[in-house]
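[1] How does the following fold in three dimensions:
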Amino acid sequence: MLIFFVPLGISASLVTLSHSIINSTLARSPDPEYVIAGYAIAMSLLGITEKPATLLRQTCSALVRDRVSFRAMRTVAVYVFAAIMVVGLAFSYLPPGRWMIGAIFGIGESQLENVLNVYRILMFVSFFSGLRCLYHGLIIYNKRTFWLTIGMVVRLIGMYAVAQFFILGPGVQGSSVGAIIFLVGMMIESAVAFWEGSSLLKRKIPEKSPGHSVEKPADVFRFYRPLLFSSFIAVTIGPALNAMLGKAGDAEIAIAAFAIAFNLTQLMQSFFSYIHQIVLNFYRINPGRVTSFVLMIAFIPSVLVGILAYTEAGPWFLSNVIGVSDRLLTEIIKALRVFLILTLVFPWLDYGNGILMLRRQTKTMVYSQSANVSVMLSTLIILIVMTPGWNGMIGAFAQSLGTLAELTVVMIAVKRGRESVLLHPSQEA
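    The predicted structure follows:
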C-alpha cells in the first residue's frame, strides 16, 4: 500500500504546491490583496467547470478494466468536455454571466473586469484537467502511480519557469499572470498523463475482460451521474464562500487571507487526499489493513497545520516564502488555526467516500454534499452577521463545519451498508 500510495500523495502535495507558487507570485504585485482576491474569485468559478472533469479520475479507475469499457468512458469524457466548455464560454462572454458574477460576489466594475479576464484563461484549464484525470484513472488502476509524480514534477518546473519569467521580466501586473502560470502547468501535466495512459492502453489493457459489465456509455453514466450531481452541489461552496466573505469587515483581506490559508491547509493534507484510491484498490483484499493504514496517517495533516498555526514556523514561512506581511499575515494565521478542524475530518471523509465508490453507492454523495453546503451556508450567514471582523476565519469555520456534516452523512451510509451486507451478503456490489 505504501508503494502505491506514496507517489499519489507526493503528486497531490505537489498540486497544492503549484497553487502556492501562483499565490507567492501574485503576492509580489504592487497591490497583492486586490490581485490575489481577483484570482481567488476566478478560481472559485473554475471549480464550477473543473469539478465534473476531475470526477473522471475516480470513475475511470473504478470502472475501466478493458478497452471496451475505456471507449465507453472516453465517450462520456467527450460529453463532459463539451459541456464544461459551453458553460465556461457562457460565464466569460454572455451578459447574464457577467451580471451573475457581479451580483453574487458583490464586486465593483474594476474587479469584475479583472475576474472575467482571469477566467477567460482559466476556463481552458478545465479541458486539460479532464484529459489528465481520464488517463490518470488508467494509470492508477494499473498501479503505476509514480507517473502521477513524474507529471507533477514536470508541471512544477514549467510553472516555476513561467513565474520567474514574470517576476524577473515584465513584472506581476495583474491577476491574469496566475491564470497563465496555471494553464501552462496543466497543459504539461495532461501531456505526460496522455502519453503514459495511451501507452498502457496499447500494451497492458485487454480488448475485453471476462465478466466485466461496463460496455456502454450508459453503464458509465450510472456510476458517474450521482458524482456529477454531488459535484454540482459542491461547486457552490467556493463561490458562496467568496461571495459571503465579500461582506466581511474587510472584504479583500478576508478573501485573500482565506485563499492563502486554505491553500496552505491543502498543501499540508493533500499528501493524504488519495485515501479513497487505497480503499478502491485494496479494501476488498484486506479491509482491516486498509483501516489501520488510514488510522496511521490520518492525524499527520493536523500536526503539520498546527506547526504553521502555533509556532514561529508559520510567520517565517508566510513572510519569506509566500511573501505576505502585516495584517494579511496575521489574518492567515488566525484562519489556519480554525482549519485544524478540517484536517481532522478530511482523511476519514475520503476513506468513507472510497467505500461508497467501491460499493457503487455514489447516490449517497448527493445527500452528503447537500449536508455540507447547508451547514456551510448557515455558518457563513450567522458569522457574517454576528462577527464580520473575523474575516478569513469566517470562511475557515464554515468550510470546516460543512465538511464535518458531510462526514457524518457518509459514515452513517457506510455503517448502514455494512449492516446490509452482513444481513444479505449477496447484495454486496
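
[2] tell me the contacts of residue 380?
    240-241, 244, 394-395, 398 (CB atoms under 8 Å, 6 or more residues apart in numbering). In short, each C-beta sits where N, CA and C put it, glycine included.

[3] try 6 Å
    For residue 380, the contact set (CB atoms under 6 Å, 6 or more residues apart in numbering) comprises 244, 398.

[4] Can you mark which positions in the helix or strand encompassing residue 21 are buried?
    Using DSSP states H and E, residue 21 falls within helix 2-26. Residues of helix 2-26 classed as buried by neighbour count (16 or more other CB atoms under 10 Å): 4-5, 7-26.

[5] which strands and helices sit next to it?
    The contact analysis (3 or more CB pairs under 6 Å, 6 or more residues apart in numbering; DSSP states H and E) places helix 2-26 against helix 32-63, helix 146-168, helix 176-203, helix 251-269.

[6] Compile those helices into JSON lines and extend it with columns for distance to residue 359, mean pLDDT and mean neighbour count.
    JSON lines is the format used below for the helices and strands packed on helix 2-26 (distance: least, CB to CB, whole Å; pLDDT from 0 to 100; neighbours: other CB atoms under 10 Å):
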{"stretch": "helix 32-63", "distance to residue 359": "11", "mean pLDDT": "84", "mean neighbour count": "24"}
{"stretch": "helix 146-168", "distance to residue 359": "25", "mean pLDDT": "91", "mean neighbour count": "18"}
{"stretch": "helix 176-203", "distance to residue 359": "26", "mean pLDDT": "92", "mean neighbour count": "20"}
{"stretch": "helix 251-269", "distance to residue 359": "25", "mean pLDDT": "84", "mean neighbour count": "26"}
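
[7] before we move on, the earlier item: can you give me the offset of the helix holding residue 21 from its chain's centre?
    Distance of helix 2-26 from the chain centroid (CA atoms, centre = their mean, to the nearest Å) equals 11 Å.

[8] any idea how far residue 213 is from residue 321?
    Plainly put, residue 213 is 50 Å away from residue 321 if you go by CB to CB, to the nearest Å.

[9] Residue 122 too?
    In this view, residue 122 and residue 321 are 24 Å apart by CB to CB.

[10] So for those two, which residue has more residues nearby?
    Shown here are residue 122 and residue 321; by other CB atoms under 10 Å, residue 122 has more neighbours (26 against 11).

[11] got the contact list for that one?
    Counting by CB under 6 Å, 6+ apart, residue 122 makes contact with 42, 46, 179.

[12] how about the nearest residue to residue 390, chain neighbours excluded?
    residue 383 (6.3 Å; CB to CB, 6 or more residues apart in numbering).

[13] If you count neighbours, what's buried in the one helix or strand that neighbour maps to?
    Residue 383 is part of helix 364-386, with elements assigned from DSSP H and E. By 16+ other CB under 10 Å, the buried positions in helix 364-386 come out as 364-373, 375-377, 379-380, 383-384.

[14] quick one: that helix to chain centroid distance?
    18 Å.

[15] just stretch 196-213 next, same as before
    Between the mean C-alpha location of stretch 196-213 and the chain-wide mean there is a distance of 28 Å, by CA atoms, centre = their mean.

[16] likewise stretch 236-252?
    Relative to where its chain is centred, stretch 236-252 has its mean C-alpha point 18 Å off (CA atoms, centre = their mean).

[17] ok, residues contacting that stretch?
    By CB under 6 Å, 6+ apart, stretch 236-252 touches 33, 37, 41, 44, 47, 104-106, 254-255, 258, 373, 380, 384, 388-389, 391, 394-395.
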